[in-house]
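A.B. asks: sequence plus predicted model, see below.
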Amino acid sequence: MSADIKIEHGLLLLGCGKMGSALLKGWLDFGVPASNVWVTEPHPSDWLKATGVHLNKGVPDRAEIAILAVKPQMMGAALPGLMALGNGETLFISIAAGTTIATLEQVLGSRTPIVRVMPNTPAMVGRGISGLVGNAYASAAQIAQSRLLMQAVGEVVELETEAQIDAVTAVSGSGPAYVFHLIEALAAAGEAEGLSPGVAMKLARATVTGSGELAYRSEDSAEQLRINVTSPGGTTAAALAVLMEPETGFPALLKRAVKAAADRGRELGK
């Protein structure tokens, strides 16, 4: 991949918090020269200061790509300083939740190439997944470049329409929190059955992360992996009878949860 991420002139990263830092580390690890990266971050970490990038030194003369990684509520204050790059050759990639392409076009110009991306926090360990979609002015080459940049921290799926971003947000963007809560709930259930808090949490964490790794590596579907663990009439089958109950089990609960997240994403985008 390192041979494919080519930044000939300049890459601007606006915001370098947890997600921005994960992306920057991935790019540097895959061969993007620090000398070709400009970063604007009011509260730089010691790690960022030591990377050798151009830190808080404005905008490169020729910015090929501008990555918008600031929090959504800070976007309004950050964008005006980049207006000079709009309606030109600079590709803007936004990872800000709830900020629509139309909103970005209003500030940067309607002919600005824009790609909107929804990553997730496992990007911090190189195991993220991102959904992306471009506007009419983002060329096929720019979409491909966006995909490569996001692949530095995990997998990428291309979306058909921007409207699907809210579903991606609800499933994978917010999804890590659902998994972390599963660990909490599973540990609490173990305590209720007589385990000590420390042992219950260790069992829950290892079970969820190990199962996730198995799902990642296996060629079997999630359904088949579930079947493989379930002996007819056994303990797992007894538990699944509760978890798969149509009205009160996981399917109905997660459908309601994901819909709530997607609905909130649509509200934020208005």
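C.D. replies: The structure has been received and is ready for your questions. Numbers count the residues shown, from 1 in each chain.

A.B. asks: nearest residue to the spatially most central residue of the chain in space, please, no chain neighbours.
C.D. replies: Most central in the chain under Cα atoms, centre = their mean is residue 119, positioned 1.5 Å from the mean C-alpha point. Residue nearest to residue 119 in three dimensions, not counting chain neighbours: residue 130, with 4.2 Å by Cβ to Cβ, 6 or more residues apart in numbering. Glycine gets a C-beta too; all of them are placed from N, C-alpha and C.

A.B. asks: SS state for the closest residue to residue 95 other than its chain neighbours?
C.D. replies: Leaving aside its chain neighbours, residue 95 sits nearest to residue 117 (4.9 Å; criterion: Cβ to Cβ, 6+ apart). Three-state assignment for residue 117 (DSSP: H, G, I helix; E, B strand; the rest coil): strand.

A.B. asks: return the residues in contact with residue 117.
C.D. replies: 93-95, 130-132, 146, 150 (Cβ atoms under 8 Å, 6 or more residues apart in numbering).

A.B. asks: just the buried members of those?
C.D. replies: 93-95, 130-132, 146, 150 (16 or more other Cβ atoms under 10 Å).

A.B. asks: kindly reformat those residues as CSV and extend each row with secondary structure.
C.D. replies: As requested, those are exported to CSV (three-state DSSP):
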residue, secondary structure
93, strand
94, strand
95, coil
130, strand
131, strand
132, strand
146, helix
150, helix
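
A.B. asks: and the strands in the stretch 101-250 of the chain, which stretches?
C.D. replies: Secondary structure of the stretch 101-250 of the chain by DSSP state E, counting those that start in this stretch: the strands cover 114-118, 128-134, 154-158.

A.B. asks: neighbours of residue 79, just the number please.
C.D. replies: 21 (other Cβ atoms under 10 Å).

A.B. asks: so it versus residue 162, what's the distance?
C.D. replies: Residue 79 sits 18 Å away from residue 162, going by Cβ to Cβ, to the nearest Å.

A.B. asks: domains in the chain, by residue range?
C.D. replies: Taking automatic domain parsing as the criterion, the chain consists of the domains 11-162, 175-268.

A.B. asks: state the mean pLDDT of stretch 263-270.
C.D. replies: Mean per-residue pLDDT for stretch 263-270: 84.

A.B. asks: what do you get for stretch 36-50?
C.D. replies: For stretch 36-50, mean pLDDT rounds to 94.

A.B. asks: run through the residues that contact the nearest residue to residue 105 once chain neighbours are set aside.
C.D. replies: Computed as Cβ to Cβ, 6+ apart, the closest residue to residue 105 that is not its neighbour in sequence is residue 112, at 6.2 Å. When contacts are counted by Cβ under 8 Å, 6+ apart, residue 112 touches 86-88, 90, 92, 104-105, 135, 137.
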